[in-house]
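> dropping the sequence and predicted coords here.
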Amino acid sequence: MAKVVVIYSGGMDSFTVLHRAIRDGHDVYALSFDYGQRHVKELTVAAEVTRGLNIPHKIVDITAINELISNSSLTSTSTAIPEGHYEEASMQSTVVPNRNMILLSLAIGYAVSIGAEAVYYGAHSGDHAIYPDCRPEFVQRMNDVSRIANYEPIEIAVPYLTNDKAEILRDGLAMGLDYKNTWTCYNGRDKACGKCGACVERLEAFAANNTVDPLAYE
């Protein structure tokens with residue numbers, strides 16, 4: 001049984017990746033990051049899920065990075081979360097500069113320290129238009145670096161890189177997953193807003209699968 005680290009945000013994509021790694025027979029160690037995101041509620045959800053699965057889970061506080069990269073609407077309360085689809089230019093304000101390179105670097109270090117063989121994360125094709133660090137060329141080059149950055153080569157596994165959110169959800173539903181145990185909305189309120197890019201894409205994925213989203217919306 002191979003030991004792997006899963007970068008687990010608490011969102012529906014990483015929730016599916018987490019369960020796929022478990023389904024594939026891996027010894028899973030979940031890793032979440034508090035980077036000052038307004039939707040910190042996702043970390044509470046992540047903790048509840050991992051407790052229920054009885055798998056190791058660490059939440060690492062890296063909020064100090066906001067002294068350097070504080071111009072994203074995901075981390076700055078002075079900037080409104082944009083509404084609309086990810087394809088709209090306004091969604092670029094949700095980019096956290098270099099986020100996935102930072103998170104992957106930390107996860108790779110963790111993987112080396114516990115003797116894991118791979119780091120899983122949930123980039124997918126729906127993110128390619130807006131988030132440069134979810135694109136195939138980024139993943140390929142990070143994978144190249146990861147294999148030479150330590151004495152122990154670590155693979156970066158991205159099982160849904162060429163799939164959209166509807167296809168990810170379809171795979172999760174086939175695994176019998178309950179998506180009420182996820183949080184997607186960029187606004188960290190009691191209920192999902194239904195209007196931000198994350199909510200819009202999520203709702204489209206459920207509609208594409210002729211399934212009702214179990215989350216409560218405003």
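That came in fine, so what should we check first? Since the structure is predicted, the reported quantities are computational estimates derived from the model, not experimental observations. Numbers count the residues shown, from 1 in each chain.
> going by C-alpha atoms from here, please, whenever you check contacts or count neighbours.
Will do.
> strands of the chain, residue ranges please.
3-7, 27-34, 57-61, 118-120, 155-157 (DSSP state E).
> and of these, who's closest to Gly176?
Closest of those to Gly176 is strand 27-34, at 18.8 Å (criterion: C-alpha to C-alpha).
> output the contacting helices and strands for the closest one.
strand 3-7, helix 12-23, helix 41-53, strand 57-61 (3 or more C-alpha pairs under 8 Å, 6 or more residues apart in numbering; DSSP states H and E).
> count the neighbours of Asn54 for me.
Using other C-alpha atoms under 10 Å, Asn54 has 9 neighbouring residues.
> buried ones in the helix ranked longest in the chain, by neighbour count?
In the chain, with assignment by DSSP state H, the single longest helix is helix 99-114. Of all the residues in helix 99-114, those buried under the rule 16 or more other C-alpha atoms under 10 Å are Asn100, Leu103, Leu104, Ser105, Ala107, Ile108, Gly109, Tyr110, Ala111, Val112.
> quick revisit: switch the strands of the chain over to CSV, and while doing so, append distance to Asp171, mean pLDDT and mean neighbour count to every line.
Formatted as CSV, the strands of the chain follow (distance: least, C-alpha to C-alpha, whole Å; pLDDT from 0 to 100; neighbours: other C-alpha atoms under 10 Å):
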stretch, distance to Asp171, mean pLDDT, mean neighbour count
strand 3-7, 17, 98, 25
strand 27-34, 19, 96, 20
strand 57-61, 23, 97, 15
strand 118-120, 16, 98, 25
strand 155-157, 17, 96, 22
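> closest to Lys195 out of these?
Comparing those by C-alpha to C-alpha, strand 27-34 comes nearest, at 23.5 Å.
> adjacent strands (with direction) for that closest one?
Here strand 27-34 is paired, per DSSP bridges, with strand 3-7 (parallel), strand 57-61 (parallel).
> TSV for the ones you listed, including distance to Asn181?
Output for these, formatted as TSV (distance: least, C-alpha to C-alpha, whole Å):
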stretch	distance to Asn181
strand 3-7	16
strand 57-61	16
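> and Ala207, which of the ones you listed is closest to it?
Closest among the strands paired with strand 27-34, using C-alpha to C-alpha: strand 3-7, at 26.7 Å.
> flag the shaky bits of this protein, pLDDT-wise.
Scanning the chain for pLDDT under 70 picks out 38, 69-97, 126-130.
> quick one: residues contacting Leu18.
Counting by C-alpha atoms under 8 Å, 6 or more residues apart in numbering, Leu18 touches Val6, Tyr8, Val28, Ala30.
> of all these, which two lie farthest apart?
Of all pairs drawn from the contacts of Leu18, the widest gap by C-alpha to C-alpha lies between Tyr8 and Val28 and measures 10.8 Å.
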